[in-house]
Structures are given as C-alpha cells and as structure tokens.
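[1] Sharing a model that was predicted from the sequence below.
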Amino acid sequence: MYWMRKRNQKRSFDSPTIEQLTKVSYKELHQGTNGFSPTNLIGSGGFGSVYKANHVSEDHVVAVKVLNLQKKGARKSFIVECNALKNIRHRNLVEVLTCSSTEYKGKEFKALVFDYMKNGSLEQWLHENEENPTTLGLGQRLNIIIDVVYALHYLHQECEQLVLHCDLKPNNVLIDDDMVAHVSDFRFWNSKTCLSHWQQLSEGY
C-alpha cells in the first residue's frame, strides 16, 4: 500500500504548471456558473466564494473560487496562491487547473479553477444529515486521516520550501468520487513568513 501511494505521488509531480495551462475567460466562467448564481454556490471562505461550474471547453465540472477583491489581502492571497499552487502537486491536495485575472465592465476580476469534489467536505460526512444519511465508517475515517497526513508530509518535507496550511479543518478537506481526501483552501505561508508571524504574536504577549 505504501509503495502504491508513493507511485501515485510521483505521477502527480509531472502535472503541468499554471503557465502551461490555457487561461479561462470571465465569459466562460460566467456562463458555466449561470451568472455566478446562488444555486451554484457551494461554499465561501475568507477571501471569496466557490461556485460549481461546467467548464465548457474542457467538458467537465469544476469548482471556481472567485476572489472578493473588496476584502483586504484578497489580491495578495490570489498572487501567493497562484505562485504556490503552480509548484505544488500531490494526489491529496486539491489541484488548481487554471486561473482567470482580467477586467469586466471596468472592475477587476480574479478567480482560481479547481477540480470539483463530488462528495463535498469532510465536515459534511462527520455528522448525519439529510444529504448524508450515513456517517463514515472506521476504515474510511482512517484512510482520510492517512490522506491528510500524506498531504501535510509533502508540504512540510518534500517541497523546496516549507509550506504551512494554517487553516486545516474538516471544511477544508474535500472528498472525491473514490472517497480519497484532498486538502484545500490554503493560507500559504513559507518558513520565512511563518517565523515573522510567530515573532509578531510573541511580541503581543
């Protein structure tokens, strides 16, 4: 099992970077999300909202994270996330497919396009509800824990620079069709930034 996981991880390193991917237009994202309709909204985070979309040119379903540029730090978050994601590839991390950075009607628009995870977040599976009448079994929970650990090990030990997630929680662990877990919604911090942050915190006490 360990050998198979390592083989899958090595395959993931060969994925194309953002520069090699065709950029998607605002028009296509607008069309795929039905005008960013509330019915297509599947989640929201600190810097934006996530919509389910039909990627017309690629003919498959994707998730589109639209940045709320009115929020302080959103532009910086977009730049940092693009620069980090283009160099990060792992089977247990949500993969960025492409991005969009343009203007529409005189307003700035920035979005990231990810693989869509049909089975939603781990948070939805931890508690019984109408959408998920059954919770995860012990074996499934153990596999998800292992998936998350592999993702964190990759970020901490196998990247050129240490990358810390800084916001790991059940809502940020997404489950694919095969019940494999993928860590998402990073607060990308490298070791230098993390050290600066901890120094600021220590000065506050």
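    Okay, I see it.

[2] quick one: low-confidence parts of the chain?
    The model of the chain has pLDDT under 70 over residues 1-22, 56-59, 76-77, 80-86, 129-133, 186-205.

[3] mind checking how far Glu123 is from Val62?
    Glu123 sits at a distance of 21 Å from Val62 (criterion: CB to CB, to the nearest Å). To be clear about C-beta, it is placed using only N, CA and C from the backbone, and glycine gets the same treatment.

[4] More neighbours: those two, which one.
    When Glu123 and Val62 are compared for neighbours, Val62 comes out ahead with 20 against 13, by other CB atoms under 10 Å.

[5] Skipping adjacent residues, who's closest to that one in space?
    Residue nearest to Val62 in three dimensions, not counting chain neighbours: His55, with 4.6 Å by CB to CB, 6 or more residues apart in numbering.

[6] and that neighbour, how many neighbours does it have?
    18.

[7] any idea how far Thr102 is from it?
    His55 is 17 Å from Thr102, by CB to CB.

[8] again with Val94
    23 Å.

[9] now do Pro170
    34 Å.

[10] tell me which residues of stretch 125-144 are tucked away?
    Buried residues in stretch 125-144, defined by neighbour count with 16 or more other CB atoms under 10 Å: Trp125, Leu136, Ile144.

[11] quick one: the helices in this structure?
    2-12, 26-32, 74-85, 122-126, 138-153, 191-203 (DSSP state H).

[12] For the fifth one, C-alpha coordinates in PDB please.
    Put plainly, it is helix 138-153. C-alpha atoms of helix 138-153 as PDB (Å, rounded to 0.1, in the frame of the first residue of the first chain):
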ATOM      1  CA  LEU A 138     -13.900   3.500  10.900                       C
ATOM      2  CA  GLY A 139     -11.900   2.300   7.900                       C
ATOM      3  CA  GLN A 140     -13.000   5.300   5.800                       C
ATOM      4  CA  ARG A 141     -12.000   7.700   8.700                       C
ATOM      5  CA  LEU A 142      -8.600   6.000   9.000                       C
ATOM      6  CA  ASN A 143      -8.000   6.300   5.200                       C
ATOM      7  CA  ILE A 144      -8.900  10.000   5.300                       C
ATOM      8  CA  ILE A 145      -6.600  10.600   8.200                       C
ATOM      9  CA  ILE A 146      -3.800   8.900   6.200                       C
ATOM     10  CA  ASP A 147      -4.600  11.000   3.100                       C
ATOM     11  CA  VAL A 148      -4.400  14.200   5.200                       C
ATOM     12  CA  VAL A 149      -1.100  13.200   6.800                       C
ATOM     13  CA  TYR A 150       0.400  12.400   3.400                       C
ATOM     14  CA  ALA A 151      -0.600  15.900   2.200                       C
ATOM     15  CA  LEU A 152       1.000  17.600   5.200                       C
ATOM     16  CA  HIS A 153       4.100  15.500   5.000                       C
END
